[in-house]
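Participant: Please find the sequence and the predicted model below.
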Amino acid sequence: MNKKEQITAYALNEMTADERLAFEAWLKEHPEENSEIAEIKELAGLLQQGLSQEALPELNPSQRASIGKSKRSWLLWSPLAAAAIVALAISLQKSEHSIVFDGGVDETYVPPSVAGEVAYVDEEGNVSYKPLSQSIEGLEMVPWEEVPEELKQAHLADKRRARKRNPVQDPEPAPENKESVATPIVEDAALSGGKGDMNNESMTQSSTNQPISNRELPKNSNKAAIGNQVRGNKNMPASKQEPEIQIDESMSDVSDVPTTLDTTDVVASFDVKFESKLYSDEEKRFIGQGEVNTGKNVAGAIGLSRVFDKKTGSDGITQVEPSLAVPMTSEPEAINRDFIPRNTPSSVMLTEEKENDGDDLFVGLQNESYDVINPNPFFKTDTDPLSTFSIDVDKAAYANVRRFLEQGKMPPPSAVRIEELINYFDYAYAIPNRNQSFSAQIEVTSSPWHEGHRLARIGLKGYEVDNEQRPPCNLVFLLDVSGSMNNRHKLPLVKKAMSLLTKQLRADDSVAIVVYAGASGVVLDATMGSKRSAILESLDRLNAGGSTNGGAGIEAAYQLAKQAFVKGGINRVILATDGDFNVGTSDRGSLIQLIEAKAKEQVFLTVLGFGMGNLKDDTLEQLADHGNGFYAYIDSLEEAEKVMVRELTGTLMTIAKDVKIQIEFNPLEVASYRLVGYENRVLAHQDFNNDKKDAGDIGAGHSVTAIYELVPINIEHDVPATDKLKYQSQSTPSASAKSGELFTMKVRYKEPEQNSSQLLEFIAYDEGAKLENSDQETKFAIAVASFGLRLRGEINDQASSWEHILELAQEGLGPDPYGDRAGFISLVKRAQKLDKSR
Amino acid sequence: MHPKTRSWLAQALQDHEGRLLRYAQSLMGDLDRARDVVQDTFLKLAHQQPKQIDGYLTPWLFRVCRNLIIDLQRKEQRMMNQTLDAPSSEQLFSPKASPHDQLEMNDKVAQVMRHLTQLPGNQQEVIRLKFQEELSYKEIAEITQLTESNIGFLIHTGIRRIRKKMEVSS
């Protein structure tokens, strides 16, 4: 080694003790080299920093599984069982069920819903689950002979049923078929892999045959895993046949009928038996059937949901019949509406095909849940002159809808909360001064959706606070590190989002970190913002693993927040999770009670939703709402940047809480009206003046926009009317009604630390403005609303064509400093393309 | 599989899956092919006796993974070029840096990363092993089947080049 190389080796600490002594002696005589050493060290630090930020990719679950399965081990799972897990994911543990686990050999199809979960059967035939990261470890593998008879039978029956359905179910198998031709070659490659001694020739073949596109790839890998198993069938002498051969009638099918290999063709249909007591925590629940074929029509999955009413349903075991995988052509949400009683809290479990995001490709089914949305109907002004709702500054739905569209799928209608789409964007409303919490603006213009209708756009804007001027924070991060977070869209993104946030912290802020998984624990006690490296270090140490027990974690987090409470400061628990939340002994209801109680003690909750495939959108939104908080969905680093840096004070600092809006329409001007979006924010009229009733909060700089569609009195519009009252006569318009006012908007809100509300009033007039002459903000907001209504299928192409939405958005683009609105335009184009190709 | 072996394997998978994939991806440029190779690496590991590899696991995995990639790329190269000459590892590896999250990097780090991608493949590789995987010269030598002083030279040269480029650009 020459001296220069030695200098490098020394700087990088790559010398033995002797070498170092000798070198240091030399260095004394050449002190000028010290600067070089320092430079090398600096560069080494930069390299380390840059390289450590590169993502750590993951194997596909089936690939991992194949590793655990090498040397005839028994990983027990099946698409059928997996699909059933999807449906029962929340409360399986105690249920009696007849889900059957397969020998792990058929399509080796690991749904992402179980993203990291493996079901396995122990010697007593008990079924349990482990996160995938632990699936190999401690996996009790059971030979087929030892699988309890009833499980076997039920499983085989399931398989037969599934297979019978398969050929019918795929109406357009053409593209997949082509790929099946390549099967034998690929299998060979897998064989060599399975044997463990690499056969280079076939390896090459496999990679040259390796399809490039995302769609094709999983199959290849699937086949590799299958081939692994088939090997036993083909190559082993009969006498030596191992249990794995007996296990599976499907295996012979696999080799006989190549087409069944195509997992993307496989429709995971399943029968699930469950006891209705499972749903004791909620009155009604919808179970989506796992009947999605290749995700072409995700909405179809919802359409197939069935409703189970605990009250009217049978007491005993309820059988869900698998629906046939007929491609859905009707409007799915229309079907939903038939089933769903209005204003009943309900939720849909949606199973959908895994998106091809190139990373965990393989996996087929997903498990996300959304609250059902029943669009607000038109109300007649003469009988229902009041409209009351709580504001909502959540933005999660937009990022979530964007994720769907970017993956080439229309979002399920129930994921489209229009108010969150609209409020995702910042509107240039007048910024209030400090003696006012927020300003209000009302704009009335023509409706693009219906000739003659009018749209009223209401805008509220909270005052803005700079990061430097905000009060000090006491933040407690509650991070979900359960197995389901072990995905590049989740924990790594959480870490990045948090490191972005730590950059925004001031020396007088404090941060603590609590994690929860199987057990919860404090990772970082309250630490001042000046010790950024300590915070980052503890973030670095986090790993995903274990199951979720949110309940204990959330209590620990609130405890810490209370200990470090800053009077007059921002005291907040920030929950980062995919929401697959097992709250331990307590149910969701008592969790909400806890959050509400803590909000009263001025510790608020911010919820950050991460990841996909397991997103419990409905739970998360609910939690944030009850904690005077804010719910954002973070799907990318850009989004993390928006929430954690650009809008940080809004994310953290509530400037007005329990903000409610009540509008009284003038019957002489407005025949009927409807509120666009805010479906789950509608309040009872009497709650407007009830200060005990919780409502939405506005953060610093947040703007809130709501749109009403109004039918003027001179326009024909069919709104179902109620019968005339028998004991009362219809109320007559007052003198004020002749004022020409369109409506009066009342806003109630509380200062963050007050318990009694203040009232503001605003009056709106209709000056007959046309949409084309409206301001940018109005145009853009209406473009977003139209987009949402189109996605939900509430209006059609005639009412609002994609082209028109684009035009409106373009006209409403404005300065758009962060490109958010431009992003919307490209999203509309995507939706347009997807819609046209349907 | 013996339960102990199984848990050993699971631990190895948990500890090394991401790192190996990142490494393989940097050599092959393609994540899905990297996955196949890493899967095969672990399949090979499953057939080893833990005793024989203990204390040596990291270099073992990287070395096996690297050899699989070389075999694979050599075959591909041969099929493309119709030549039997084994290409040198410098020709084989044309690493493409995986996409970084530019947002989070300060300018200097981003610059360094850009310069890194312009180094010859073998220098990039050892620099990654050194600074990304935090392996010693000795371990890197075991993985790449080069001598330690070779590694010292490659890393020194790579670092010097990056430093020069940094000087030029600033």
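Facilitator: Great, that's in hand.
Participant: Which residue is the nearest non-sequential neighbour of residue A:439?
Facilitator: Excluding the flanking residues, the one nearest residue A:439 by C-beta to C-beta, 6 or more residues apart in numbering or on different chains is residue A:432, at 4.1 Å. (Glycine included, C-beta is placed from N, CA and C.)
Participant: Looks to me like the one you found is in a helix.
Facilitator: No: counting by DSSP: H, G, I helix; E, B strand; the rest coil, one finds residue A:432 to be coil, located in no helix.
Participant: dump the residue contacts of it.
Facilitator: The neighbours of residue A:432, taking C-beta atoms under 8 Å, 6 or more residues apart in numbering or on different chains as the test, are A:438, A:439, A:461, A:462, A:463.
Participant: From chain B, how far off is residue A:380?
Facilitator: With distances taken as C-beta to the nearest C-beta, to the nearest Å, residue A:380 is found 51 Å from chain B.
Participant: Residue in chain B with the shortest distance to chain A?
Facilitator: Proximity of chain B to chain A (C-beta to the nearest C-beta) peaks at residue B:18, 2.9 Å away.
Participant: Check whether that residue sits in a helix, strand or coil.
Facilitator: helix.
Participant: residue in chain A nearest to chain B?
Facilitator: Counting by C-beta to the nearest C-beta, chain A gets nearest chain B through residue A:56, at 2.9 Å.
Participant: I'd say that residue and residue B:18 touch.
Facilitator: Yes: Residue A:56 lies in contact with residue B:18 (C-beta atoms under 8 Å); the separation is 2.9 Å.
Participant: quick one: which of the two has more around it?
Facilitator: Neighbour comparison, residue A:56 and residue B:18: the larger count goes to residue B:18, with 20 against 13 (by other C-beta atoms under 10 Å in any protein chain shown).
Participant: got the domain boundaries for the chain?
Facilitator: In the absence of a named chain, this looks at chain A. Following automatic domain parsing, chain A resolves into domains at A:3-52, A:61-265, A:272-371, A:379-465+A:655-720+A:740-783, A:473-647.
Participant: wrong chain, I was asking about chain B
Facilitator: Split by automatic domain parsing, chain B gives B:1-96, B:97-170.
Participant: Output these in TSV; the columns should cover mean pLDDT.
Facilitator: Shown next, in TSV, are the domains of chain B (pLDDT from 0 to 100):
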stretch	mean pLDDT
domain B:1-96	77
domain B:97-170	82
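Participant: Nearest to residue A:699, out of these?
Facilitator: Among the domains of chain B, the nearest to residue A:699 by C-beta to C-beta is domain B:97-170 (22.8 Å).
Participant: I'd like to know which of the contacts of residue A:432 are part of helices.
Facilitator: Members of the contacts of residue A:432 lying in helices (criterion: DSSP state H): none.
Participant: Report the lowest-confidence entry in the residues you listed.
Facilitator: Lowest pLDDT within the contacts of residue A:432 is found at residue A:438 (81).
Participant: Run a quick neighbour tally on the closest residue to that one other than its chain neighbours.
Facilitator: Spatial nearest neighbour of residue A:438, excluding adjacent residues (C-beta to C-beta, 6+ apart): residue A:462 at 4.6 Å. Close neighbours of residue A:462, defined as other C-beta under 10 Å, add up to 29.
Participant: Now do the same contact list for residue A:462.
Facilitator: A:432, A:437, A:438, A:650, A:655, A:656, A:698, A:699, A:700, A:701, A:702, A:703.
Participant: cool, residue B:161 as well?
Facilitator: Shown in contact with residue B:161 (C-beta under 8 Å, 6+ apart): B:115, B:119, B:123.
Participant: Okay, residue A:664 and residue A:808: tell me how far apart.
Facilitator: In this view, residue A:664 and residue A:808 are 29 Å apart by C-beta to C-beta, to the nearest Å.
Participant: Show me which of the two is the more surrounded one.
Facilitator: Neighbours were counted for residue A:664 and for residue A:808 using other C-beta under 10 Å; residue A:808 has more, 26 against 17.
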